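Asks: Kindly return the folded structure for what I paste below:
(2 chains)
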Amino acid sequence: MTPEHEARETTYVDAIREAIFEEMERDERVFVLGEDIGVYGGAFKVTDGLLAKFGEERVLDTPLSEAAIVGAAVGSAMMGMRPIAEMQFADFISCAFDMITNYAAKSRYRTGVGVPLVVRGPSGGGVHGGPFHSQNPEAYFAHTPGLKIVQPSTAFDAKGLLKAAIRDDDPVIFFEHKYLYRRVKETLPPGDWIVPIGKAAVRREGRDLSILTYGAMVWTALD
Amino acid sequence: MPPLTPEQKLELYRFMRLNRTLEEKLVNLYRQGKVVGGLYRSLGQEATSVGTAYSLSKGDIVGPLIRNMGSVLVMGFTARDILAQHMARASSPSAGKDCNLHFGTPDTGMVSAIAMLGALVPVMAGIALGARMQKKNLVAMTYIGDGGTSTGAFHEGANFAAVQKLPLVIVAENNGWAYSTPFRRQTAARSLADRAVAYGMPGETVDGNDVLAVFDAAGRAVERARAGGGPTLIEAKTYRMKGHAEHDGQTYVPGEELNEWAARDPLERYARALIDEGAADPARLHDIDAEIAARVESDARAVEQSPFPAPESALTGVYAEGVAEVEPAIVRRRW
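Replies: Numbering: from 1, shown residues only, chains lettered A, B, ... in the order given. Have a look, this model is predicted:
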């Protein structure tokens, strides 16, 4: 590879941060809220730098209240904003279960009012997190009509799918496998691009066996 | 708030009368098996719903619960909207997909509750937050019962609204009962207004059966919110004169309490006050009552004759329609 073609590799977590930065620049309706995301920059530094660039009105440090974080995201989304609510660890999404499954998921169906929000957070184990900092909670939500659930396995997908999620007019839950945060990286193309939600990627072709999986297990399957 | 004009004073009466008459009609329809789902009355609580909502301005947004039909009417929804909801007709605001007062869109001034009580409070805080971000000078007003204030969602929403200083008015209706649970089993707190201190917001108790007192308290809270002073918790003390829902004979309620509160009926009280101050005479009020009764009858007939939703519509609206799939710059990535 000649020096002109060498590009910086972006980690999975930085790809997520880039997606948020770019969408907040592109669309002033996009804002972030959650615990310790502003001044501290987020427990995993995903939102680092957002407060300095976009200010307090679009980067909200909230109380320790997952139901209120998601509820406020629901209400502001109903008004036409595009909130990205962080669950500091995906495990804590259980505290907002009612708000997600009974309010956000059913709003469009029963009242015609869409809820274009994203609830995102670090999921998954392998990091000595213990029972409450290592969960993969997607199965609790997969059977709830009205929700979309996204779990990227690569840095490219993390960025493209998060941008798609933010632009989606329906509630999207975005789980970022924390084991992959800094272990997975690749060169990302420049410019504005998204990865559409709901299309599978073929990672390896073959004849004898089909493995369907997502998130960190893609890497395990490829090994 | 500027003082109420004579027309506005009569309008308060009209809304309360319409609230009550419409519910009586719904009871009648319920007994004929024509109501789909349950029927939740607000008999005796009309002043709380009407007085609070009446203090709002055009563009403000209300988040009512099932016993706030009066608020829904004040916001401009009609008897036909409410009848269609209860009879699950295609013309209902939820197109037949949800029951009773579960409907609303922010741009028509109303946000729907869900059955999980308390959940609406953080959502209405979010409505107020969105409005602030959009530089809309609007006030959000929501309702909760004595039972609902025991939920975590209520607590989180009230706290969030206060710390963010959002333009939200929380009307906590203390009607003494949450289904069969009396206040003394619901909380050890002395009053619902006492909860406000914990959130750092003003709290006030008002006679929920005095529509003018309610209007005044709500008006001050709305003004405070609109001026950037943050949320207020108003406890409206009233009484639930019927069961939790139509099927509930409320045999667990002491008869003396019902009698005591019947003597404080908000409509009779307000009618007397209007007559005493010369704002209306009994004949005029009687005419208003009759006119409302006749219109409710004809509205009910019209809705009864209107169609149910097409069965296929049960499968629609789960996700946004017509959202084009964006073709990405790169379709596939492989190793």
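Asks: now the strands for chain A?
Replies: Taking DSSP state E to define them, one finds strands in chain A at A:9-11, A:30-34, A:59-61, A:82-86, A:118-123, A:148-150, A:172-177, A:185-187.
Asks: Does chain B have contacts with the first one?
Replies: Read that as strand A:9-11. No - using C-beta under 8 Å from any C-beta of the partner chain, no contact is recorded between strand A:9-11 and chain B, whose separation bottoms out at 14.0 Å. In this view, the C-beta of every residue, glycine as well, is placed from N, C-alpha and C.
Asks: For that strand, buried residues please.
Replies: By 16 or more other C-beta atoms under 10 Å in any protein chain shown, the buried positions in strand A:9-11 come out as A:10-11.
Asks: Packing partners of it?
Replies: Taking 3 or more C-beta pairs under 8 Å, 6 or more residues apart in numbering or on different chains; DSSP states H and E as the contact definition, the neighbouring helices and strands of strand A:9-11 are helix A:155-167, strand A:185-187.
Asks: any chance of the strands of chain A in TSV, with distance to residue B:183 too?
Replies: As requested, these are exported to TSV (distance: least, C-beta to C-beta, whole Å):
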stretch	distance to residue B:183
strand A:9-11	55
strand A:30-34	35
strand A:59-61	35
strand A:82-86	35
strand A:118-123	36
strand A:148-150	42
strand A:172-177	38
strand A:185-187	59
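Asks: For residue B:206, which of the ones you listed is the nearest?
Replies: With C-beta to C-beta, the closest approach to residue B:206 among those belongs to strand A:59-61: 32.3 Å.
Asks: So in that sheet, which strands flank the closest one, and in what orientation?
Replies: With DSSP bridges as the test, strand A:59-61 is paired with strand A:30-34 (parallel).
Asks: Put the alpha carbons of the partner strand into CSV.
Replies: In CSV, the C-alpha atoms belonging to strand A:30-34 read as follows (Å, rounded to 0.1, in the frame of the first residue of the first chain):
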residue,chain,number,x,y,z
VAL,A,30,-30.2,15.2,17.2
PHE,A,31,-29.1,15.4,20.8
VAL,A,32,-27.7,13.0,23.4
LEU,A,33,-28.8,12.4,27.0
GLY,A,34,-27.6,10.0,29.7
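Asks: still on that earlier bit, export the strands of chain A to JSON lines and append columns for distance to residue B:53 and mean pLDDT.
Replies: Compiled in JSON lines, these are given as follows (distance: least, C-beta to C-beta, whole Å; pLDDT from 0 to 100):
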{"stretch": "strand A:9-11", "distance to residue B:53": "52", "mean pLDDT": "97"}
{"stretch": "strand A:30-34", "distance to residue B:53": "29", "mean pLDDT": "98"}
{"stretch": "strand A:59-61", "distance to residue B:53": "29", "mean pLDDT": "98"}
{"stretch": "strand A:82-86", "distance to residue B:53": "27", "mean pLDDT": "98"}
{"stretch": "strand A:118-123", "distance to residue B:53": "32", "mean pLDDT": "98"}
{"stretch": "strand A:148-150", "distance to residue B:53": "36", "mean pLDDT": "97"}
{"stretch": "strand A:172-177", "distance to residue B:53": "34", "mean pLDDT": "98"}
{"stretch": "strand A:185-187", "distance to residue B:53": "55", "mean pLDDT": "96"}
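Asks: ok so, going back, deepest in the core, which of the helices and strands packed on strand A:9-11 is it.
Replies: Across the helices and strands packed on strand A:9-11, averaging neighbours per residue (mean count of other C-beta atoms under 10 Å in any protein chain shown) puts helix A:155-167 on top, at a mean of 25.
Asks: Chain B is nearest to which of the helices and strands packed on strand A:9-11?
Replies: Ranking the helices and strands packed on strand A:9-11 by proximity to chain B (C-beta to the nearest C-beta) places helix A:155-167 first, at 5.9 Å.
Asks: if I pick whichever residue of the stretch 1-150 of chain B sits closest to chain A, what's in contact with it?
Replies: Ranking the residues of the stretch 1-150 of chain B by distance to chain A (C-beta to the nearest C-beta) places residue B:126 first, at 2.1 Å. With contacts defined as C-beta atoms under 8 Å, 6 or more residues apart in numbering or on different chains, residue B:126 is in contact with A:71-79.
Asks: can you rerun that using 10 Å?
Replies: A:33, A:68-79, A:81, A:83, A:99, A:115, A:117, B:111, B:140, B:157, B:160-161, B:166, B:168 (C-beta atoms under 10 Å, 6 or more residues apart in numbering or on different chains).
Asks: Repeat that for residue B:202.
Replies: Residue B:202 sits in contact with B:162, B:193, B:196, B:220-221, B:224, B:229-234, where contact means C-beta under 10 Å, 6+ apart.
Asks: run the last query once more with 7 Å
Replies: Under the criterion of C-beta atoms under 7 Å, 6 or more residues apart in numbering or on different chains, the contact partners of residue B:202 comprise B:196, B:232.
Asks: where does the stretch 101-250 of chain B come near chain A, residue by residue?
Replies: Taking C-beta under 7 Å from any C-beta of the partner chain as the criterion, the stretch 101-250 of chain B approaches chain A at residues B:102-106, B:111-112, B:114, B:116, B:119, B:122-127, B:129-131, B:133-134, B:152-153, B:156-157, B:159-160, B:163.
Asks: dump the residue contacts of residue B:284.
Replies: Taking C-beta under 7 Å, 6+ apart, one finds nothing in contact with residue B:284.
Asks: Next, work out how far apart it and chain A are.
Replies: 39 Å (C-beta to the nearest C-beta, to the nearest Å).
Asks: Would you indicate which residues of the host helix or strand of that residue are buried?
Replies: Taking DSSP states H and E as the criterion, residue B:284 maps to helix B:282-304. By neighbour count on 16+ other C-beta under 10 Å, the buried set for helix B:282-304 is B:285, B:288-289, B:292, B:295-296, B:299-300, B:303.
Asks: swap in stretch B:2-17?
Replies: Counting neighbours by 16+ other C-beta under 10 Å, the buried set in stretch B:2-17 is B:4, B:9-10, B:12-17.
Asks: Helices along chain A, start to end?
Replies: For chain A, the helices defined by DSSP state H occupy A:12-26, A:50-54, A:66-78, A:97-98, A:105-111, A:138-142, A:155-167, A:217-222.
Asks: Run through the neighbouring helices and strands of the second one.
Replies: The reference is to helix A:50-54. helix A:12-26 (3 or more C-beta pairs under 7 Å, 6 or more residues apart in numbering or on different chains; DSSP states H and E).
Asks: In JSON lines, list the buried residues of stretch B:2-17 along with distance to residue A:51.
Replies: As requested, the buried residues of stretch B:2-17 are arranged in JSON lines below (distance: C-beta to C-beta, whole Å):
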{"residue": "B:4", "distance to residue A:51": "46"}
{"residue": "B:9", "distance to residue A:51": "51"}
{"residue": "B:10", "distance to residue A:51": "53"}
{"residue": "B:12", "distance to residue A:51": "47"}
{"residue": "B:13", "distance to residue A:51": "52"}
{"residue": "B:14", "distance to residue A:51": "51"}
{"residue": "B:15", "distance to residue A:51": "46"}
{"residue": "B:16", "distance to residue A:51": "49"}
{"residue": "B:17", "distance to residue A:51": "53"}
